[in-house]
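Undergrad: Provide a 3D model corresponding to the input given below.
(2 chains)
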Amino acid sequence: MGHLPRAAFKNPVFLGNASPAVDSDCFHCGLPLADKHVYPVKFRLAEKPTCCLGCQAAASAIISAGLGAYYEQRTALPPAPNTLSEQPLTQLAMFDLPEVQSSFVQPLGENEREATLIIEGITCPACVWLIERQLGKLPGIVAAEINYASQRAHLRWDERRSHLSDILRAVASIGYNAHPYSADKQASVRHAQRKALLWQLFVAGFAMMQVMMYALPVYLAGEGEMAPDILQLMRWASLVLTTPVVFYAAAPFFRGAWRDLRLRRLGMDVPVALAIAVAYGASCWATLSSQGDVYFDSVSMFVFLLLGGRYLEHIARAKAAESAERLVKARPAVARLMGSYPSGNNEKMVAASTLRSGDIVRVLPGDTVPADGMVVEGVSSVDEAMLTGESRPVDKLKGDTLTGGTINQISPMIMRVTQTGSASRLAAIERLLDRALAQRPAIAIEAERVAGWFVGLVLLTAVIAAAVWMAIDAQRALWVAVSVLAVTCPCALSLATPVALTVATGRLAKTGMLAIRGNAIETLARVSHVVFDKTGTLTQGLLSLEKTVSLSILPPSRCLNIACALEQASEHPIAQVFLAAGEQVGEKVFPVADGLVNFPGGGVEGLICGKRYRLGSLQHVAQLCQRPVPPQLSDLMQDGDASVVVLGDEQGFLAAFLLNDKLRPDARIAVSRLRHMGKQVWLLSGDSPGPVAKIARQAAVDHYLAEQTPAQKLAVVKRLQQAGAVVAMVGDGVNDAPVLGQAQVSIAMGGASDLAQSAADMVLLSSKLMGVPDAVLLAQKTLLIIKQNLWWAMAYNLVALPLAVAGYVTPWMAGLGMSLSSLIVVWNALRLGRVARADLIQIHQPAPTALAQGME
Amino acid sequence: MEILYLLIPISVMLVFLIGVLFWWSLQSGQFDDMEGPAHRILQDDDKPPR
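TA: Below is the predicted model:
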């Protein structure tokens, strides 16, 4: 490509290259810039702007390593490095400890090591290229291979020349995160399953093609045109090739049928298995006895089509499971055990899995809490977002409980471990989830029941027809029975639903909605109630400064300036909110604050131009100024509408900052569309009534309930269901996981905790709420197509069955009719893939008046 | 048409041979990543820097 004119590379369409469209976007991650001159990088002799330190560091690391071609080759923008999960570089050294490595590193020979890493942040194939080259530059790397589909890196390296921490650091330096990954049993089972399915698919497909080669001359040749011994030879060849298809590739259907029969029910697998067995058996008999017709081609085609559907379903499910697997990484790998506490303070690194109840552990800021426990020393704030989805850090004092997997934010703490492993809260929530999943109402049972009746009917008809023909013409009896089974072979019936669902799943995936469980679409179409969670679902899940209320003569902008100066050095998430707000109003240079002191759980204090200021909670500021709380401030506090951060000096209160979580931009329109489609929209939140009411008003939902614990949410959904509602739940936190499991159909946001995602039937990857009404509409269309398909299959069977019973249908006609009827079903389903987004929107344009009505 | 007596058994054997080849490629991991390699071939290491 080197000889192409330079202009060709600049054209983004030509290479499909995803570079920021304008120079006002970050060169590395493409986010809009607040200021283009703060973090420049040099690329190809030109200065390019980046948005933050993280992007600047990553971009300069990439460029200085001579890998700048990445920026020309990428087809998607990477996430900004600071949005990836926190993993302080200082912690990486722990991964070099042998006891920590033992769970995921395999030694090969004396010095060579092998490990698999999960790479976070891969968005396009150029990322794979970039990381592989970056790793290749390290000394002692024997092999580095990244699987783009599963986002796993497979590594072999020489322990003497590079350590694992060097490798992790190299990946982190260019803006990705690498986590050690130990394949659990489930993952290896899934991998083996995929291989087996692919092999079965190949066996069926390849045999099908070859058997059709043998079948075609027979169909085309006229009576007596082919020598009988050639004909017999081709039959034997077909028999040889179809045998592995039936006994190996079709094994899942036979196993399914056997399981159904043992449970005394007639599922879809029963007629499938029966059709395969009878058609194959009869064809074998025809081959051996040299009389009658053979249908080996129909058998192998049937198996191939069904396996194709199964393979696609497996891929979708494996993807979902892999995203759930990332939960493993939320668990901390190491802990700082303090063996001699309280007499001594020396600590020892141990693998977190070896912790016992009663152990004393030190948790530094940025560390992940290694197990459930209780604070025995220290005060800090803990980010519990992975557990609750709530973005505000929770203050922890001595005696408070800590949950494993949450992240310590501010200062060191010493904790006593109370529960580990399967006894921990995280594991308990997982168990609750398992139970909810096991109890979920299975819509598939209904479909199977109907199919069961149909199968029973067909079997009965075949037996009766055979019995009647025994009396009329005993020689034709078997072939009439085979014709009956073949012509009514429930191919169209059993394809009607899965094909439509598969096409709809693909169509949904294109718009950023991943359907994980097979019956999600079917249920979604019949939904009557849509229940939303608040934080992170209807809202963005990030705090931002909503309003600054001045309580003194100082203008609000000056107050914000002071607040930014105080927070400049702080790592607390609230500080980031202030700095972001300051940047937004164009403040870059803040006054210098001296003597900054952090009061964990309270706020900060500092000197600006000799004046002492405090920023934080009301109590924290009141301690400094010793003045009565102004009525305006106490009103604000009582509103409970937003979190209030107070600024004050020794003379009195200066300002109150209202921090709030913003509604997603498309929340209102998505809710109004749902309501226009006749769905009831509910909001269930664990938050206090003030903010919930406000969000409910803004999004115009029908009903809302505040201060709901997960158990209460579960009860509300159960009550709705008892009243006959079909509930769709949209949520994001781990605390939503049980409710997600209880609702007939559940949708997790793309940014949701992994546990919530793994509990959900669907994942809204795009995090655009409009995806919900779109998906409901597409689901309704899918159900319509399924119904059409079922009606067609029924009608076809009603016509074909009497003809077959009467003996007018020879087996080859039956086979052709069956194939044609299934083709029509597939074609009808494929129409779903062509539903344009514009069509979806046109159908449900909201009536403006609908917005104002129905508030509680 | 006598050649068919030879060709048909040969075609059956070929099917099994190709089956074995596919089995080998599946086991050696060639189908583990169905997306990456398609892009990999387009990525040059030796693009001249400017």
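Undergrad: now stretch A:682-698: buried residues?
TA: A:682, A:683, A:684, A:685, A:686, A:687, A:691, A:692, A:693, A:694, A:695, A:696 (16 or more other CB atoms under 10 Å in any protein chain shown). In this view, the C-beta of every residue, glycine as well, is placed from N, C-alpha and C.
Undergrad: format those residues as CSV; extra columns: distance to chain B and secondary structure.
TA: CSV is the format used below for these (distance: CB to the nearest CB, whole Å; DSSP: H, G, I helix; E, B strand; the rest coil):
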residue, distance to chain B, secondary structure
A:682, 39, strand
A:683, 39, strand
A:684, 39, strand
A:685, 39, coil
A:686, 39, coil
A:687, 41, coil
A:691, 43, helix
A:692, 43, helix
A:693, 47, helix
A:694, 44, helix
A:695, 39, helix
A:696, 42, helix
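Undergrad: out of those residues, which comes closest to residue A:363?
TA: residue A:686 (25.1 Å; CB to CB).
Undergrad: just checking, the closest one touches residue A:692?
TA: No: using CB atoms under 8 Å, residue A:686 makes no contact with residue A:692, being 9.1 Å away.
Undergrad: please enumerate the shared neighbours of these two.
TA: Shared contacts of residue A:686 and residue A:692 (CB atoms under 8 Å, 6 or more residues apart in numbering or on different chains): residue A:534.
Undergrad: distance of the nearest residue to residue A:533 once chain neighbours are set aside from residue A:772?
TA: Nearest non-adjacent residue to residue A:533, counting by CB to CB, 6 or more residues apart in numbering or on different chains: residue A:731, 3.8 Å away. Relative to residue A:772, residue A:731 is positioned 12 Å away (CB to CB, to the nearest Å).
Undergrad: between these two, who's got more neighbours?
TA: residue A:731 (30 against 27; other CB atoms under 10 Å in any protein chain shown).
Undergrad: leaving out sequence neighbours, find the closest residue to the residue most central in space within chain B.
TA: Geometric centre of chain B, nearest residue: residue B:22, 6.7 Å, by CA atoms, centre = their mean. Using CB to CB, 6+ apart and skipping residues adjacent in sequence, the residue nearest residue B:22 is residue A:202, 5.3 Å away.
Undergrad: number of nearby residues for that neighbour?
TA: Neighbour tally, residue A:202, other CB under 10 Å: 20.
Undergrad: just checking, it touches residue B:21?
TA: No: if you go by CB under 8 Å, residue A:202 and residue B:21 don't touch, sitting 10.5 Å apart.
Undergrad: re the thing from before, could you confirm the residue nearest to residue B:22 falls within a helix?
TA: Yes: under DSSP: H, G, I helix; E, B strand; the rest coil, residue A:202 sits within a helix.
Undergrad: give me the buried positions along whichever strand or helix holds residue A:218.
TA: If you go by DSSP states H and E, residue A:218 is part of helix A:185-220. Of the residues in helix A:185-220, A:187, A:190, A:194-195, A:197-208, A:210-215, A:218 count as buried by neighbour count, 16+ other CB under 10 Å.
Undergrad: cool, and stretch A:703-723?
TA: Neighbour counts over stretch A:703-723 (16+ other CB under 10 Å) mark A:703, A:704, A:705, A:706, A:708, A:710, A:713, A:714, A:716, A:717, A:720, A:721 as buried.
Undergrad: please enumerate residues in contact with that stretch?
TA: Outside stretch A:703-723, the residues that touch it by CB under 8 Å, 6+ apart are A:436, A:529, A:531, A:680-689, A:692-693, A:696, A:727, A:729, A:735-736, A:738-739, A:742-744, A:856.
Undergrad: only C-alpha atoms, please: export it in CSV.
TA: The C-alpha trace of stretch A:703-723 is given here as CSV (Å, rounded to 0.1, in the frame of the first residue of the first chain):
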residue,chain,number,x,y,z
HIS,A,703,-46.0,5.4,38.0
TYR,A,704,-43.0,5.6,40.3
LEU,A,705,-41.9,4.2,43.6
ALA,A,706,-38.9,5.5,45.6
GLU,A,707,-36.7,3.9,48.4
GLN,A,708,-37.2,0.4,47.1
THR,A,709,-34.9,-2.3,48.3
PRO,A,710,-34.1,-5.1,45.8
ALA,A,711,-36.5,-7.3,47.7
GLN,A,712,-39.3,-4.7,47.5
LYS,A,713,-38.7,-4.2,43.8
LEU,A,714,-39.0,-8.0,43.4
ALA,A,715,-42.3,-7.8,45.3
VAL,A,716,-43.7,-5.0,43.2
VAL,A,717,-42.9,-6.9,40.0
LYS,A,718,-44.4,-10.1,41.4
ARG,A,719,-47.6,-8.1,42.3
LEU,A,720,-47.9,-6.7,38.8
GLN,A,721,-47.4,-10.2,37.4
GLN,A,722,-50.1,-11.6,39.6
ALA,A,723,-52.4,-9.0,38.2
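Undergrad: distance between it and the chain's centre?
TA: Chain-centre distance of stretch A:703-723: 24 Å, with CA atoms, centre = their mean, to the nearest Å.
Undergrad: and if you look at stretch B:20-30?
TA: That offset, for stretch B:20-30, works out to 9 Å (CA atoms, centre = their mean).
Undergrad: and residue A:240, what pLDDT?
TA: Per-residue pLDDT puts residue A:240 at 93.
Undergrad: that one sits in which helix or strand?
TA: helix A:228-244.
Undergrad: pull the number of nearby residues for residue A:394.
TA: Neighbour count for residue A:394, taken as other CB under 10 Å: 19.
Undergrad: where's it relative to chain B, distance?
TA: Residue A:394 is 41 Å from chain B, where distance means CB to the nearest CB, to the nearest Å.
Undergrad: all strands of the stretch 51-200 of chain A, in order?
TA: A:105-108, A:112-120, A:141-147, A:152-158, A:177-181 (DSSP state E, counting those that start in this stretch).
Undergrad: adding mean pLDDT, write those strands out as JSON lines.
TA: Listed next are those as JSON lines, based on pLDDT from 0 to 100:
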{"stretch": "strand A:105-108", "mean pLDDT": "80"}
{"stretch": "strand A:112-120", "mean pLDDT": "82"}
{"stretch": "strand A:141-147", "mean pLDDT": "83"}
{"stretch": "strand A:152-158", "mean pLDDT": "86"}
{"stretch": "strand A:177-181", "mean pLDDT": "75"}
